[in-house]
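Student: Quick one, fold the following:
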Amino acid sequence: MPGGRLTAQERQQIASGLADDLPYAEIARRLDRPTSTVTREVERNGGPTAYRADLAHRATEHRARRRKQAAPRGPGPAGRGRDDVALREYEESFTTLLMGQGLPRMTARVLTRLMTADTGVTAAELATGLDISAASVSKAITFLEAQGLTRRERDERRRERYFVDEDVWYQSTIAAAHGIAQVATTARQGIPVLGPDTPAATRLENIARFSDFISETMLHAAEQVRAILHTKPPTTH
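Tutor: Reported below is the predicted structural model:
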């Protein structure tokens, strides 16, 4: 399977595949590339409806030049002897993953940057490091805080810094489990409306039972894993 950056010809093939409404997996198969490569390429360059091969190729070359020229900015993941280009590519991969799970691109980029930062990051540092507007940062942070995925603290200069808690996946899982439990509750509310002996009501009851089981299992598993991760190994003398 070939590696390295996509060529201009491969980007033309991607554009043709999108025009033919081919799924990412099929486009990737024809290119002999991983599906994740095609997914990242399309999502970072306008999405399936706005993707243009020539613009995508120029944008990629521009990003590569900027990465070579730019020094690490702010307390992002760069530095500490790390490969800045590799880190930026990793951030793109994680951003694509989060987008696939429903996060808007800008919010996914902010969350990824916070997860890969060694210390808290200010709004100004996020805007500069990600090359986005202050308004975009504010919108992303507001959403992430509402989901319990980030927190803020003031530093010695009274600036607000944003962090991702160590419990971020625990909090996300708990929120998801509560959301699924709400599906069960709402499904059962429809049973008396439809009539308890109707096929539709039976369907709703099955949805409710399934949702109850999944929610309870997620909550139990999350608590178990959290307890294990927070247990300090015994010290040896």
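Student: Would you confirm that Ile27 belongs to a helix?
Tutor: Yes: the assignment for Ile27, made by DSSP: H, G, I helix; E, B strand; the rest coil, places it in a helix.
Student: what's the neighbour count on it?
Tutor: Per other CB atoms under 10 Å, the neighbour tally for Ile27 reads 24. Every C-beta, even on glycine, is put in place using the N, C-alpha and C of the backbone.
Student: Tell me which residue is most central in the chain.
Tutor: In the chain, the centroid-proximal residue (CA atoms, centre = their mean) is Leu98; its distance is 1.7 Å.
Student: just checking, that residue touches Arg113?
Tutor: No: look at Leu98 against Arg113 with CB atoms under 8 Å: they stay out of range, at 11.4 Å.
Student: I figured Ala201 hits Gly195, correct?
Tutor: Yes: if you go by CB under 8 Å, Ala201 and Gly195 touch, sitting 5.8 Å apart.
Student: of these two, who's got more company?
Tutor: Between Ala201 and Gly195, counted using other CB under 10 Å, the more crowded position is Ala201 (18 against 10).
Student: Going along the chain, name the strands of the protein.
Tutor: 121-122, 151-154, 160-163 (DSSP state E).
Student: looking at the chain, which helix or strand does the model trust least?
Tutor: helix 53-69 (a mean of 72; mean pLDDT, DSSP states H and E).
Student: And Thr7, its phi and psi?
Tutor: Thr7 adopts backbone torsions of phi -90, psi 170, taken as degrees, to the nearest 10.
Student: possible to save the strands of the chain as JSON lines with mean neighbour count?
Tutor: Below are these laid out as JSON lines (neighbours: other CB atoms under 10 Å):
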{"stretch": "strand 121-122", "mean neighbour count": "22"}
{"stretch": "strand 151-154", "mean neighbour count": "12"}
{"stretch": "strand 160-163", "mean neighbour count": "18"}
